[in-house]
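Provided below are the primary sequence and the corresponding predicted coordinates.
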Amino acid sequence: MKSTVTTLSPVKKDMDIELSAEEVSPAYEKIVDQYSRKVKVAGFRAGHAPRDMIKRMYVDDLRRALIDELAPAALGDGLKTHGLAPVSLPVIHDIHFEEGQPLTFKAYLEIWPDFELPAYRKVKVKRIEAAVDDAEVDRALDELRQKSAEYVPVEGRGVADGDYVVVEWKGRDLKAGRLLPTERAVVLAGHAENEARLNENLIGLKPGEEREFPIDHPAEHANRKIAGKSILYRMKVLNIKEKQLPELNDDLAKSLGETGTLAELKDRIRKEIQRSRDLSARNEMAEQILKTISDTLDLELPESLAEAEEDRLIRKRFGVSVEDLEKKLSPETLAEVRKEAQDRGRRSLLNHLLLSRIAQKEGFSASEDELVEELKMLALANRVPLARLRDSLEQEGRLDEVRETLVLRKVIDFLVKEAIIE
């Protein structure tokens, strides 16, 4: 096998590969044998058509089968010979083959750019304050109270803001005179997303009482059955429940699984907020450091990775691909969305490249014990057995991603520790 590499850019290469006729002929004849046994040719019993006829009739299929058979190993040998590590699958093109002649083809591939690491120790960064004040602890504690609230039946009064009310209503289209089906629903009285007329007429009603009122629904209403229509509603309150919050005391702490007091619950909340705040501050400082380092570089990045990262960011934000987004947004808005995703994607790829190179230079790695601990945390967070999670990651080929994440996390810690924080 012969192979040569043409450099198209710092990240783009084209590899020319040639396999001699002596290497190719046995594989080609084997493929012809396989086709001869399985294809049907009019006028011949299966497996008895002349080989020359098979070669003429299926010339393109045979060429593709030959490439599928020989290209992977030849490409692997070529990459090894030239010390190339493509970031995505190489694209095979310009295939040439005639029986009795060498097989030649090209493989277009992209690689990470080669560059000298800028200085990354003692980078100056602004300090990110990560203090937690009492108000934040109180807000978090109040959220826990809200989640622990009970809803108890109300007696002796009408509906008030904040009550959960079971209502039954009937509607009639004022223009068409058509009756709508009777429905039951639970309504949070006074909620901002309710129809204003609903909130107005619900307040004060007692169980068993009714009230009638019209609502002019806008044409863009989410419910197409009533969009753009004037409906006269008759609403009846069936029952009312009010929200009761637990007292801020030791009993609340115990109800939330704490074995100690309210003071200990507050202390745990403060520590959790502080841990989250410290992590956020560390990440912000790491972003500052990486930006300082990357701003000294002018690198071309692989297009295939940049496009994949752009699509990933758009999918994360909008839940659809770039192609699907074209149908929903104006060309101007789409251009802005794509530009933002491209800029963020380039920054993400550049950060990943820098962290990987620093990890390699500093000799960072992740041990098997560290990997197991990380998998335990992931299993706990996703509420799946550890063994099942590991099997799933191995089958999907993503176990190395977890190991790499651990290594990059170590690099971030290292950069922040080495930085000069002002």
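Perfect, I can see it now. Residues are numbered from 1 along each chain as shown.

so how many other residues sit close to Lys206?
Counted by other Cβ atoms under 10 Å, the residues lying close to Lys206 total 13. Where you see a C-beta, it was placed from the backbone N, CA and C, and this is true even at glycine.

residues in contact with it?
Contact criterion Cβ atoms under 8 Å, 6 or more residues apart in numbering gives 157-159, 237, 240 as the residues in contact with Lys206.

could these go into TSV alongside neighbour count?
What follows is the contacts of Lys206, written out as TSV (neighbours: other Cβ atoms under 10 Å):
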residue	neighbour count
Arg157	11
Gly158	17
Val159	25
Val237	23
Ile240	24
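
Narrow the residues you listed to those in helices?
Cross-referencing these with the helices (criterion: DSSP state H) gives no overlap at all.

Do a quick rundown of the strands in the stretch 1-150 of the chain.
Remark: strands of the stretch 1-150 of the chain, listed N- to C-terminal, are 2-9, 12-19, 91-96, 103-110, 124-125, 150-153; assignment by DSSP state E, counting those that start in this stretch.

For Glu310, find the nearest of the ones you listed.
In terms of Cβ to Cβ, the element of those nearest to Glu310 is strand 103-110, at 15.2 Å.

Now the closest one: buried residues?
In terms of neighbour count (16 or more other Cβ atoms under 10 Å), strand 103-110 has its buried residues at 103, 105-110.

and if you look at stretch 58-74?
Buried positions in stretch 58-74, judged by neighbour count with 16+ other Cβ under 10 Å: 58, 62-63, 65-67, 70-71, 74.

any idea which of those residues is closest to Gly228?
Looking across the buried residues of stretch 58-74 and measuring by Cβ to Cβ, the closest to Gly228 is Ile67, at 60.3 Å.

What confidence value was assigned to that closest one?
Turning to Ile67, the model gives it a pLDDT of 93.

what about the stretch 1-150 of the chain, any weak spots by pLDDT?
When residues are selected by pLDDT under 70, none of them lie in the stretch 1-150 of the chain.

mind listing the helices for it?
Using DSSP state H, counting those that start in this stretch, the helices assigned to the stretch 1-150 of the chain run over residues 21-38, 51-57, 59-82, 134-147.

In JSON lines: those helices, plus distance to Lys170.
Rendered in JSON lines, the data for the helices of the stretch 1-150 of the chain read as follows (distance: least, Cβ to Cβ, whole Å):
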{"stretch": "helix 21-38", "distance to Lys170": "69"}
{"stretch": "helix 51-57", "distance to Lys170": "73"}
{"stretch": "helix 59-82", "distance to Lys170": "68"}
{"stretch": "helix 134-147", "distance to Lys170": "34"}
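
Ile273 and Asp134 touch, don't they?
No - with contacts counted by Cβ atoms under 8 Å, Ile273 stays clear of Asp134, the gap being 11.1 Å.

who's more crowded, these two?
Relative neighbour count places Ile273 above the other of Ile273 and Asp134, with 17 against 9, counting by other Cβ under 10 Å.

helix or strand for Phe213, which one?
Secondary structure assignment for Phe213, by DSSP states H and E: strand 210-216.

and the strand ranked longest in the chain, which strands flank it?
With DSSP state E applied, the strand covering the greatest number of residues in the chain is identified as strand 230-244. Using DSSP bridges, the neighbouring strands of strand 230-244 in the sheet come out as strand 150-153 (antiparallel), strand 164-173 (antiparallel), strand 210-216 (antiparallel).

Could you single out the most deeply buried of the ones you listed?
Of all the strands paired with strand 230-244, strand 164-173 carries the top mean neighbour count, a mean of 18, counting by mean count of other Cβ atoms under 10 Å.

Next, the angle strand 230-244 makes with the helix or strand immediately after that one in the chain.
For strand 164-173, the following helix or strand on the C-terminal side (DSSP H and E) is strand 179-188. With axes from the mean of the first three to the mean of the last three Cα atoms, to 10 degrees applied, the angle from strand 179-188 to strand 230-244 works out at 20 degrees.

list the helices and strands strand 179-188 packs on?
Contacts of strand 179-188 with other secondary structure elements, assessed using 3 or more Cβ pairs under 8 Å, 6 or more residues apart in numbering; DSSP states H and E, are made with strand 164-173.

What lies in contact with the strand it packs on?
Under the criterion Cβ under 8 Å, 6+ apart, residues 151, 159, 178-180, 182-189, 202, 226, 229-243 lie in contact with strand 164-173.

How about stretch 5-25?
For stretch 5-25, the external contacting residues (Cβ under 8 Å, 6+ apart) are 1-4, 66, 70-71, 74-75, 78-79, 82, 84, 90, 97, 99-114, 299-303.

Tell me the buried residues in that stretch?
Buried residues in stretch 5-25 (16+ other Cβ under 10 Å): 5, 11, 13-15, 17-19, 24.

could you dump those to TSV with distance to Asp369?
Rendered in TSV, the data for the buried residues of stretch 5-25 read as follows (distance: Cβ to Cβ, whole Å):
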residue	distance to Asp369
Val5	41
Val11	36
Lys13	39
Asp14	44
Met15	40
Ile17	43
Glu18	48
Leu19	46
Val24	49
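
what about the residue nearest to Lys175 when sequence neighbours are not counted, how many neighbours?
Spatial nearest neighbour of Lys175, chain neighbours left out: Ser230 (6.4 Å); criterion: Cβ to Cβ, 6 or more residues apart in numbering. One way to gauge burial is a neighbour count; for Ser230, by other Cβ under 10 Å, it gives 14.

Grab the nearest non-local neighbour of Lys241.
Among residues not flanking Lys241 along the chain, Tyr151 sits closest, at 4.1 Å (Cβ to Cβ, 6+ apart).

With Leu84 instead?
Ile111 (5.9 Å).

show me what contacts the one you found?
Residues in contact with Ile111, defined by Cβ under 8 Å, 6+ apart, are 11, 13, 84-87, 302.

Quick check: of these, which has the highest neighbour count?
Per-residue neighbour counts (other Cβ under 10 Å) across those peak at Pro302, which has 22 neighbours.

Would you quantify the distance from that one to Pro86?
Noted for Pro302: a distance of 9 Å to Pro86, by Cβ to Cβ, to the nearest Å.

Return every residue with contacts to both of the two.
110-111.

returning to what we had before: how about the strand holding Phe213 as PDB, C-alpha atoms only?
Extracted as PDB, the C-alpha positions of strand 210-216 are listed here (Å, rounded to 0.1, in the frame of the first residue of the first chain):
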ATOM      1  CA  GLU A 210     -72.900  29.700  41.100                       C
ATOM      2  CA  ARG A 211     -72.100  32.800  39.000                       C
ATOM      3  CA  GLU A 212     -72.600  33.600  35.300                       C
ATOM      4  CA  PHE A 213     -70.300  35.800  33.300                       C
ATOM      5  CA  PRO A 214     -69.100  36.200  29.700                       C
ATOM      6  CA  ILE A 215     -65.500  36.000  28.400                       C
ATOM      7  CA  ASP A 216     -64.400  37.200  25.000                       C
END
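
Nice, that's everything, thank you.
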